[in-house]
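Trainee: Predicted model and sequence follow; I will ask about them next.
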Amino acid sequence: MTVTENTIRTYKASGKLMLFGEYLVLNGSDCLAFPLKFGQTLSVTKSDELIWESYSKHGMWFSVSMDSDFTIRDTNNEEVAEILKQLFVVIRTEKPDLDFSQKFRAEANFELNWGLGSSSTLISLLSQWSGVETRKLLDVSFGGSGYDVACATAKAPIIYANGKVKKEVHLPELITDKLLFIYLGNKQNSREEIKRFKKSNVAQHQVDTMNTIIASALQTDKIEVFEQQLDLSEELISSIIGTVKLKQRLFDDYAYSIKSLGAWGGDFFLATYRDLKTAKSYFGEKGYDVLFTYQEFIK
C-alpha cells in the first residue's frame, strides 16, 4: 500500500496463471502457479458515500453507488454489484469500525476477457484495504482453491496446496527462454468449471502423480525433460475430465509441447519452442496473435 499527501491509498495485485496442477489442486495436489506482470490496482479516497468504479484499458466498465447499509442505489451491472455487496457485507461483519464512505477506483492493465485474474485481484485488493482474510472473501464470492489470490501478492512463481503457499520457486532460464504464452480466445467461467470438475472421480494416485510431475519439472534444466512433464500432465488431466487435449484438437502438427493453463478450453495456453520467430509465425498463421514470452509475462 502507498499513501499520498491527499490521502489516496493505493493497493496492487498481480494476475495469475497455473502451469501444473489444474483441477487436481481442488483435491489437495500441489500446483505450480505464476504471478504476472499484468494486474490490477485499487485507489481509495474519502467520500460522502460508497462509490465503486472499475476501469479496463478501454475505460470504465463497471460502476455502483451504495447506501450505508450496502443497498445498491445505482449501477450498470447488477450481477457484479451484488457480488461486491456480498463482499462488503462480510468485510463489515469482520471489521465493524471500518469507514465505508469511500470512493474506490479499480484499474486493470490487461484485457478482462484474458482470464488473468480480474476476480482474484479484486479479492486481494479488498483484503489489503480492509484487513479481512482473503479466504473469507473468496468463500462468499468466487470460490476455488485460492491459488489465484495467493499469486496476487507473490513475488515469484509459487508451489501452492491446501490453502497455503508452500514455497517460492525459480525456473532456470534454459527452461523459461523456451516458453510462450498464447491467448486461445475463449474466456472460461472458473466457477462453472469447478462445479463440473467436482463431479469427476479423482483417485489419490492421480493426485500423487501430479505431485511427482511437478517435482520432476522443477528438478530439470533441460527443456526436453520439462516437455515430458508437460505432456504427462496433459495426459493425466485429459483422462480425468474427459476432454481432448488441446494439441490433439488444434495443433496436432506443432513440433513441441502444448499445454492448457487453468480451466481447459479457454484463456491462455503454453507452447514450448526452440526458435521464437518460427513459433510466432506458426501461431500467427492460425490466428493466435496475442502471445507473450516468459520474460514479458511472468513476474
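Mentor: That came through fine.
Trainee: my read is residue 180 is in a strand, agree?
Mentor: Yes: counting by DSSP: H, G, I helix; E, B strand; the rest coil, one finds residue 180 located in a strand.
Trainee: Distance of it relative to residue 218?
Mentor: Using Cβ to Cβ, to the nearest Å, residue 180 is found at 20 Å from residue 218. Glycine gets a C-beta too; all of them are placed from N, C-alpha and C.
Trainee: Just after the longest helix anywhere in the chain, pick out the following helix or strand.
Mentor: Secondary structure of the chain read by DSSP state H shows that its longest helix is helix 223-241. Going down the chain from helix 223-241, the next helix or strand is helix 246-250, by DSSP states H and E.
Trainee: outside of the helix or strand just after that next one, which residues touch it?
Mentor: Proceeding N to C from helix 246-250, the next assigned helix or strand is strand 258-260, under DSSP H and E. Here strand 258-260 makes contact (Cβ atoms under 8 Å, 6 or more residues apart in numbering) with 19, 22, 230-231, 233-234, 237, 245-247, 251, 269-271.
Trainee: Pull out the buried positions in whichever strand or helix holds residue 295.
Mentor: Residue 295 is part of helix 294-297 when elements are defined by DSSP H and E. For helix 294-297, the neighbour count (16 or more other Cβ atoms under 10 Å) marks 294, 297 as buried.
Trainee: where does the stretch 51-200 of the chain have low pLDDT?
Mentor: Along the stretch 51-200 of the chain, the parts satisfying pLDDT under 70 run over 186-199.
Trainee: can you give me the strands for it?
Mentor: All strands of the stretch 51-200 of the chain, identified by DSSP state E, counting those that start in this stretch, fall at 59-66, 72-75, 102-108, 158-161, 164-168, 179-183.
Trainee: Show me what the fourth one is packed against.
Mentor: Going back to what we said before, that points to strand 158-161. Contact partners of strand 158-161 among helices and strands, from 3 or more Cβ pairs under 8 Å, 6 or more residues apart in numbering; DSSP states H and E: strand 31-46, helix 147-152, strand 164-168.
Trainee: what's the closest of the ones you listed to residue 209?
Mentor: Smallest distance to residue 209 across the helices and strands packed on strand 158-161 (Cβ to Cβ): 13.6 Å, for strand 31-46.
Trainee: Could you pull up the mean pLDDT of that closest one?
Mentor: Confidence over strand 31-46 (mean pLDDT, whole number) is 97.
Trainee: From the contact counts, what lies against that strand?
Mentor: Looks like strand 31-46 contacts strand 9-20, strand 102-108, helix 118-130, helix 147-152, strand 158-161, helix 204-218, helix 294-297 (3+ Cβ pairs under 8 Å, 6+ apart).
Trainee: Point out the most buried one among these.
Mentor: helix 147-152 (a mean of 26; mean count of other Cβ atoms under 10 Å).
Trainee: Now do it: distance to the chain's middle.
Mentor: The chain centre lies 7 Å from the centre of helix 147-152; the measure is Cα atoms, centre = their mean, to the nearest Å.
Trainee: Just the CA atoms of it, as CSV, please.
Mentor: Taking C-alpha atoms only, helix 147-152 is exported to CSV below (Å, rounded to 0.1, in the frame of the first residue of the first chain):
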residue,chain,number,x,y,z
TYR,A,147,-4.0,-20.2,-5.5
ASP,A,148,-5.0,-17.2,-7.7
VAL,A,149,-5.4,-14.9,-4.7
ALA,A,150,-2.0,-16.2,-3.4
CYS,A,151,-0.5,-15.2,-6.7
ALA,A,152,-1.8,-11.7,-6.3
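Trainee: looking just at contacts, which helices and strands does it meet?
Mentor: Packing contacts for helix 147-152, counted by 3+ Cβ pairs under 8 Å, 6+ apart, involve strand 9-20, strand 31-46, helix 118-130, strand 158-161.
Trainee: Go ahead and name everything in contact with the last one.
Mentor: In other words, strand 158-161. Around strand 158-161, the neighbours that count as contacts under Cβ under 8 Å, 6+ apart are 21, 25, 28-33, 35, 145-147, 150-151, 165-169, 214.
Trainee: Adjacent strands (with direction) for that strand?
Mentor: Sheet partners assigned to strand 158-161 using DSSP bridges are listed as strand 31-46 (antiparallel), strand 164-168 (antiparallel).
Trainee: just the CA coordinates of it, formatted as PDB?
Mentor: Output of strand 158-161 as PDB, limited to C-alpha atoms (Å, rounded to 0.1, in the frame of the first residue of the first chain):
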ATOM      1  CA  ILE A 158       4.800 -20.500  -6.200                       C
ATOM      2  CA  ILE A 159       4.000 -24.000  -5.200                       C
ATOM      3  CA  TYR A 160       0.600 -23.900  -3.600                       C
ATOM      4  CA  ALA A 161      -1.500 -26.600  -1.900                       C
END
